[in-house]
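Trainee: Just the structure for this:
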Amino acid sequence: MTPCQACGACCAAFRVDFHPAELAGGAFAWASGVPAALTVPVTAAIVRMSGTDTVSPRCAALSGCIGASVACTIYDSRPSPCREFEAGQPSCVRARRRHGLPPL
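Mentor: Numbers count the residues shown, from 1 in each chain. Okay, the predicted model is just below:
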């Protein structure tokens, strides 16, 4: 199990915005694309993962218990901000701290 599979803090700490072309059927979608049902429109050029823009954010695609065992239910189709996020980077440290977890 990778550290990320036992963490999930980033999925419950940040807003996740991306271009609608990454949605299912879009020109820049990976695998089958992000299901539109798991997003909310922001502007004509931005959609957001549901659940990531609340006081206590938690991505709608996240399953499991943060800090114990988690999984992204759309991992192969996840949007670019999730693909670009790296374990151990400063934003990872902030997300883990928010959930009472030590840095990696």
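Trainee: use CA for all of it now, contacts and neighbours both
Mentor: Noted.
Trainee: what number of residues lie near T39?
Mentor: If you count neighbours by other CA atoms under 10 Å, T39 ends up with 22.
Trainee: I'd assumed S50 was in contact with it.
Mentor: Yes: the pair T39 / S50 is scored as a contact, 4.7 Å apart, by CA atoms under 8 Å.
Trainee: My understanding was that I66 contacts G8; is that so?
Mentor: Yes: using CA under 8 Å, I66 is in contact with G8, at 5.2 Å.
Trainee: Compare those two (neighbour count), which wins?
Mentor: Each of I66 and G8 has its neighbours counted (other CA under 10 Å); G8 has more, 27 against 22.
Trainee: Is F28 in a helix, a strand, or coil?
Mentor: In three-state terms, and counting by DSSP: H, G, I helix; E, B strand; the rest coil, F28 is coil.
Trainee: and it, how many neighbours does it have?
Mentor: Neighbours around F28, by other CA under 10 Å: 15.
Trainee: go on, the one 3 residues further on?
Mentor: A31 is flanked by 14 other residues according to other CA under 10 Å.
Trainee: how distant is stretch 39-46 from the center of its chain?
Mentor: Remark: stretch 39-46 is offset 16 Å from the chain centroid, using CA atoms, centre = their mean, to the nearest Å.
Trainee: and that stretch, what's its mean pLDDT?
Mentor: Throughout stretch 39-46, pLDDT has a mean value of 98.
Trainee: Pull out the buried positions in that stretch.
Mentor: Judged by neighbour count (16 or more other CA atoms under 10 Å), stretch 39-46 contains these buried residues: T39, V40.
Trainee: do stretch 46-56 as well
Mentor: Of all the residues in stretch 46-56, those buried under the rule 16+ other CA under 10 Å are V47, R48, M49, S50, G51, T52, D53.
Trainee: Okay then, goodbye and thanks.
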